[in-house]
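> One predicted model, sequence on top.
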Amino acid sequence: MKVSVSQTIMEMPTNTEQPPSDYIVKETKFGSIESSPPVGPFPVIDMSLFSQSSSQEQVELELHKLRSSLISTGCFQTIGHGMSDSFLDKVREVALQFFALPIEEKQKYARAVNEAEGYGSDRVVSEKQVLDWSHRLSLRVFPEDKRRLNLWPQIPAEFRDVLDEYARKIKIVTQVLFKAIAKSLKLEDNSFLNQFGDRALMQARFNFYPPCSRPDLVFGVKPHTDRSGITVLLQVREVEGLQIRMDGKWYRVPVIPHALFVNIGDQMQIMTNGIYKSPMHRVVTNTEKLRLSVATFIEPEPENEIGPVDQLIDEQRPRIYRNVRNYGAINYECYQKGLVALDTVKV
Ligand SMILES: O=C(O)CCC(=O)C(=O)O
Ligand SMILES: [Fe+2]
């Protein structure tokens, strides 16, 4: 059975009407919906410095930046990732072309009830749920034999090839980052790579946010942390919307067109024994411009047992989390019950 994609968003006049009540946020646990809080202290990390030709001093400096940002905010911008501006534009372009298709065409890739993959709106898990002002296309890209190609758009014609190439490049980016993150904690290079495993999952989620007449009343995405190990985000040029919560306040993520935005997910918080944070974040909308983002979520193989790396547990810092398998399932169950998944896997 296919979920009918709510047409209200697509067909809503942007400036005159009130959003439908299903989308209106009645209470905000984490502060009001503010469109323009201050820009956050998110450093720009140059990944190319982690390659062998850099001097020891340069590498140390970059690792230090990485470490302090992951302790304080759990996220950073990254350049030097090896993808050209024109390729990143290509990814944005094919995604925008897909969302611009008539609803009947997009429906061909509609997500089935109780499934995460495909095109559609929010997955509804409770009656009280306030809907997000967004449409999504969510696709498993790795392991490759788990791709469900019937859900991969055939229009625009290059969509599949571009996504395939982008996913391969993101995989390399994350492998470099896992090693750098390990180094930043004075661990063996493979400490995290091994936990993710050869068949780590990668999910690509294209988020499309139409303009909204009342950005003060709706969320593009509600406050949440990512269940992933790590998330890499490509944003459309020029339109901001993502906000990160730090020490009880919200901060804006600026768009740097050639940079990728990286945040730690819950599973990396577990593996680092809570030293690195999986930041709470949300997306706000605006009255003028649509926004698009492409999030890639990398998760350990669900069958793998993951847990805090031994060297990160000592008397000063006792083990915070137990070892877990299939955190994705734990997270989904908690989401339905309104529980914070990370809290339920504490020792
Ligand atoms: O659109 C964004 O900037 C972030 C989206 C997000 O948080 C998510 O897809 O989990
Ligand atoms: Fe997220």
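Thanks, I have it. Ligands and ions are numbered 1, 2, ... in the order given.

> unless I'm mixing things up, residue 109 is touching residue 153, no?
Yes - counting by C-beta atoms under 8 Å, residue 109 sits close enough to residue 153 to count as a contact (6.0 Å). No exception for glycine: its C-beta is placed from N, CA and C like everyone else's.

> Report all helices and strands that the longest helix seen in the chain contacts.
Assignment by DSSP state H gives helix 159-184 as the longest helix of the chain. With contacts taken as 3 or more C-beta pairs under 8 Å, 6 or more residues apart in numbering; DSSP states H and E, helix 159-184 sits against helix 56-72, helix 85-99, strand 135-142, helix 193-196, strand 201-209, strand 230-235, strand 291-299.

> And the ones you listed: which comes nearest residue 268?
strand 230-235 (5.7 Å; C-beta to C-beta).

> Can you list the strands that that closest one pairs with?
Looking at strand 230-235 with DSSP bridges, its partner strands are strand 260-264 (antiparallel), strand 291-299 (antiparallel).

> could you dump those to JSON lines with mean pLDDT?
Formatted as JSON lines, the strands paired with strand 230-235 follow (pLDDT from 0 to 100):
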{"stretch": "strand 260-264", "mean pLDDT": "98"}
{"stretch": "strand 291-299", "mean pLDDT": "98"}
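
> can I get those strands in a markdown table with distance to ligand 1 and mean neighbour count?
Converted to a markdown table, the strands paired with strand 230-235 look like this (distance: least, C-beta to the nearest ligand atom, whole Å; neighbours: other C-beta atoms under 10 Å):
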| stretch | distance to ligand 1 | mean neighbour count |
| --- | --- | --- |
| strand 260-264 | 7 | 24 |
| strand 291-299 | 3 | 24 |
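
> any chance of the ones you listed in JSON lines, plus distance to residue 44?
Formatted as JSON lines, the strands paired with strand 230-235 follow (distance: least, C-beta to C-beta, whole Å):
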{"stretch": "strand 260-264", "distance to residue 44": "10"}
{"stretch": "strand 291-299", "distance to residue 44": "18"}
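
> Show me which residues of this structure are close to ligand 1?
205, 207, 221, 226, 233, 235, 241-242, 281, 283, 293, 295 (C-beta under 6 Å from any ligand atom).

> Recalculate using a threshold of 5 Å.
Residues of the chain lying close to ligand 1 by C-beta under 5 Å from any ligand atom are 207, 242, 283, 293, 295.

> just to revisit the earlier point, who touches both of residue 109 and residue 153?
With contacts taken as C-beta atoms under 8 Å, 6 or more residues apart in numbering, residue 109 and residue 153 have residue 137 as neighbours in common.

> Would you reformat the helices and strands packed on helix 159-184 as JSON lines and include distance to residue 35?
What follows is the helices and strands packed on helix 159-184, written out as JSON lines (distance: least, C-beta to C-beta, whole Å):
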{"stretch": "helix 56-72", "distance to residue 35": "24"}
{"stretch": "helix 85-99", "distance to residue 35": "22"}
{"stretch": "strand 135-142", "distance to residue 35": "20"}
{"stretch": "helix 193-196", "distance to residue 35": "36"}
{"stretch": "strand 201-209", "distance to residue 35": "13"}
{"stretch": "strand 230-235", "distance to residue 35": "16"}
{"stretch": "strand 291-299", "distance to residue 35": "12"}
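
> For residue 246, which of those is the nearest?
The closest of the helices and strands packed on helix 159-184 to residue 246 is helix 56-72. By C-beta to C-beta, the value is 7.0 Å.
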